[in-house]
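Trainee: kindly return the folded structure for what I paste below:
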Amino acid sequence: MSLQKHLGKKIIDRIMSFSAAVDNLHKKHAPYLHCYLFFIGVDPAYQKKRVASRLITPMLGWLDMQKFPVISTPRTKRTSAFTNTMVSR
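Mentor: Purely as a prediction, here's the structure:
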């Protein structure tokens, strides 16, 4: 089933509008070459099992070795602490 059919046009339109607004801010405040992780989500059944960190840690390590700037938009206090640790290395 397509995401649009599952969520409906109204919600998809809201997501796309939000994405466009974030993209405009992103271009304004980070006009240099970098990587940007817009969203990562984990199914509730797998949350608090380090799935997200196992997905993102290798990529952040590789970016760190390449000295490549990384920008993230943490969504919670818990993920903010993880992201700040990983990006600030």
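Trainee: when you work out contacts or count neighbours from here on, use the C-alpha atoms and nothing else.
Mentor: Will do.
Trainee: report how many residues lie close to residue 4.
Mentor: 12 (other CA atoms under 10 Å).
Trainee: just the CA trace of stretch 31-45, in PDB.
Mentor: Output of stretch 31-45 as PDB, limited to C-alpha atoms (Å, rounded to 0.1, in the frame of the first residue of the first chain):
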ATOM      1  CA  PRO A  31      24.500  26.600   2.600                       C
ATOM      2  CA  TYR A  32      27.700  24.600   2.700                       C
ATOM      3  CA  LEU A  33      28.400  21.000   1.700                       C
ATOM      4  CA  HIS A  34      27.100  18.700   4.500                       C
ATOM      5  CA  CYS A  35      24.900  15.700   5.300                       C
ATOM      6  CA  TYR A  36      21.500  16.200   6.900                       C
ATOM      7  CA  LEU A  37      19.400  13.500   8.500                       C
ATOM      8  CA  PHE A  38      15.900  14.800   8.200                       C
ATOM      9  CA  PHE A  39      14.000  12.000   9.900                       C
ATOM     10  CA  ILE A  40      14.700   8.500  11.200                       C
ATOM     11  CA  GLY A  41      11.900   6.500  12.800                       C
ATOM     12  CA  VAL A  42      11.700   3.200  14.500                       C
ATOM     13  CA  ASP A  43       8.600   1.100  14.800                       C
ATOM     14  CA  PRO A  44       7.200   1.300  18.300                       C
ATOM     15  CA  ALA A  45       7.800  -2.500  18.800                       C
END
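Trainee: how far off centre is it?
Mentor: Chain-centre distance of stretch 31-45: 2 Å, with CA atoms, centre = their mean, to the nearest Å.
Trainee: avg pLDDT for it?
Mentor: Stretch 31-45 carries an average pLDDT of 77.
Trainee: and that stretch, what's buried?
Mentor: The neighbour-count criterion (16 or more other CA atoms under 10 Å) identifies no buried residues in stretch 31-45.
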